Each structure stands twice: as C-alpha cells, then as structure tokens.
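A.B. asks: Compute the structure for the input listed below.
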Amino acid sequence: MALYQYIKAPPTNTVAVSIRKGKSIVVSFLLMSIGAAVLVWAMWPIVSFTIITAPFLSAVVSPVGSVVAAPVIFAATGEGGADYTNPNIWFPTFPQKKIVAPVTVYSSSIPKLKIKDALVTIAGDDLNKSLIHYGGTGLPGEYGTTVIFGHSVLPQFFDPANYKTIFSTLPTIKIGDDIFINYDNITYRYQVYDMVVTEPNDLSSLEQKFDDSYLTLITCVPPGTYWKRLNVKAKLIKPPST
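C.D. replies: Coordinates of the predicted model:
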C-alpha cells in the first residue's frame, strides 16, 4: 500500500494572480519614485549651488596672517566630529578675542531673508543660540569690518527664528540688498556690494578695511555642507546730510 498520494490542486485563478502582481509592481515603482524624489529634493540645492552659483562667486585663497578681524555672520556644520557650532574652532590660528564692552549683544535684520531682530552675541561661543560677532573685529557703525557667524542647513529647513537654520538661504541674497544692524540703540543700514566663496582655511574674511564701516556675513556652502565659506560683504550707507 502506498504511504502517500498526490492530489491535484484546484485550478488557479490566473486573473487574480495577475492583478496581485500588477499591484506589487505599481507599489514598488511608487516607492522607488518617492525615494528618487526625496534624493533629488535633498541634493538639488547642493548641485545647483555648485554648478550654477559658486563659479561666479569663487575667490583666490589668500590667507591673512596678521589682520584684525571684523564681525562676520557664519554658518557651518561639523567635520570629523568637530563641533562647528563653536566659532572658536573655526580659525585656530586667529582665535577671537574676549572683549569687555558696555554692549555685548545687539540685533540684525535682513528683510530679503525675512530675518528680523536676530540676536548677535559679541565673542559668543554657541551658534545654536545666536549669531556670533567674532571677538576682536570692528564694531557696527565704526571704521573697520564687522564679522558675524551664523549656522545653516539645507534651505528646505530654513526658519528665520531658528539659529540652527538661520543662514540657510544666505546664498539667495543679492548685491544691493539691505542688512540692518541695531547696535546700542542705533540702527545702521548696510548694503551688499560683493559675494565671495572661499576655502575654509582662508582668513581673508577677517581682514579689516578702515576707510569706512563694513559688514561681512559668513556661512557654509554648498547649502547643508561645510565644504566652503560664503562671504557676503556689505558697506554702511550713511544718511544724507541735512
């Protein structure tokens, strides 16, 4: 007697199987499309800045060894575990100076970027809490260059009220745009006249010019990376004499 036997399976519903396979293919294609769209969404700001914008803003690296820095606005992220929210590690050969002054904080507004009354701390050490005026650089309204650092991430996450993302759209500023600094209850209007991309070790952004009052804003570019530095340079616009 046989210990087992074969039983013919009932006929398979080929239509139902085809439908299930079709649904699986559609779902797989949809998931791949979403993944590709997210990748393009994240990479496009980096690619577009590198290919379209950066070539027009490139500058020759020209390290400055013995200059007095000015207030710069700077944004960056970490490399190799380094905490780039601390501005003291950005220029180890030219550390910022801790100064004693009656005014230690002031505010900055950039209408083009919808930034209003952003806190700026003189010789501060945490870009998560405010913009940082690099200690030892010129004061707003005085002869010299004011240098201020600010943080940035991908521009899709820009929030003008969040200091971790506040300079994410700085590359969109244009020559002729206004930057306002309220220092010691006096509002100074600066106007952008130049934009330059430099290498991370380039100290020219700290260079002082004493023929007028200048402002330099600095952040990392391409957006969301720490590869290079964007320097936005502005000059004080004096009110017309009466």
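
A.B. asks: report the longest strand in the chain, please.
C.D. replies: Looking across the chain with DSSP state E, the single longest strand is strand 186-198.

A.B. asks: So which elements touch the helix or strand harbouring residue 220?
C.D. replies: Element membership of residue 220, judged by DSSP states H and E, is strand 213-221. In terms of contacts (3 or more Cβ pairs under 8 Å, 6 or more residues apart in numbering; DSSP states H and E), strand 213-221 is packed against strand 72-73, strand 144-149, strand 178-183, strand 186-198, strand 228-236. Quick note: C-beta positions are derived from backbone N, CA and C, even for glycine.

A.B. asks: Paired strands for the second one, with orientation please.
C.D. replies: Each strand pairing with strand 144-149, determined using DSSP bridges, is listed with its direction: strand 131-133 (antiparallel), strand 213-221 (parallel).

A.B. asks: if you compare those, which one is most tucked away?
C.D. replies: Comparing the strands paired with strand 144-149 by mean neighbour count (mean count of other Cβ atoms under 10 Å), strand 131-133 comes out on top with a mean of 31.

A.B. asks: returning to that earlier point: just put the strands paired with strand 144-149 in JSON lines and tack on mean pLDDT.
C.D. replies: Below are the strands paired with strand 144-149 laid out as JSON lines (pLDDT from 0 to 100):
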{"stretch": "strand 131-133", "mean pLDDT": "96"}
{"stretch": "strand 213-221", "mean pLDDT": "94"}
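
A.B. asks: Identify whichever of the ones you listed lies nearest to residue 203.
C.D. replies: Taking Cβ to Cβ, strand 213-221 is the member of the strands paired with strand 144-149 nearest to residue 203, at 11.5 Å.

A.B. asks: following the lowest-mean-pLDDT helix or strand in the chain, which helix or strand shows up next?
C.D. replies: Every helix and strand in the chain was compared by mean pLDDT, DSSP states H and E; the lowest is strand 72-73, with a mean of 42. For strand 72-73, the following helix or strand on the C-terminal side (DSSP H and E) is strand 105-110.

A.B. asks: Show me what counts as buried in that next one.
C.D. replies: Neighbour-count burial for strand 105-110 flags 106, 107, 108, 109, 110 (criterion: 16 or more other Cβ atoms under 10 Å).

A.B. asks: Identify, from these, the entry nearest to residue 34.
C.D. replies: Nearest member of the buried residues of strand 105-110 to residue 34, counting by Cβ to Cβ, is residue 110, at 34.7 Å.

A.B. asks: How about the closest one: what's its closest non-neighbour residue?
C.D. replies: residue 179 (5.3 Å; Cβ to Cβ, 6 or more residues apart in numbering).

A.B. asks: For that neighbour, give the beta-bridge partners.
C.D. replies: Here residue 179, judged by DSSP bridges, has bridge partners residue 190.

A.B. asks: hang on, it packs against residue 214?
C.D. replies: No: counting by Cβ atoms under 8 Å, residue 179 does not reach residue 214; the two are 11.1 Å apart.

A.B. asks: Give me the common contacts of the two.
C.D. replies: Counting by Cβ atoms under 8 Å, 6 or more residues apart in numbering, the residues touching both residue 179 and residue 214 are 190, 234.

A.B. asks: quick one: low-confidence parts of the chain?
C.D. replies: For the chain, the stretches flagged by pLDDT under 70 are 1-23, 26-31, 33, 35-82, 241-242.
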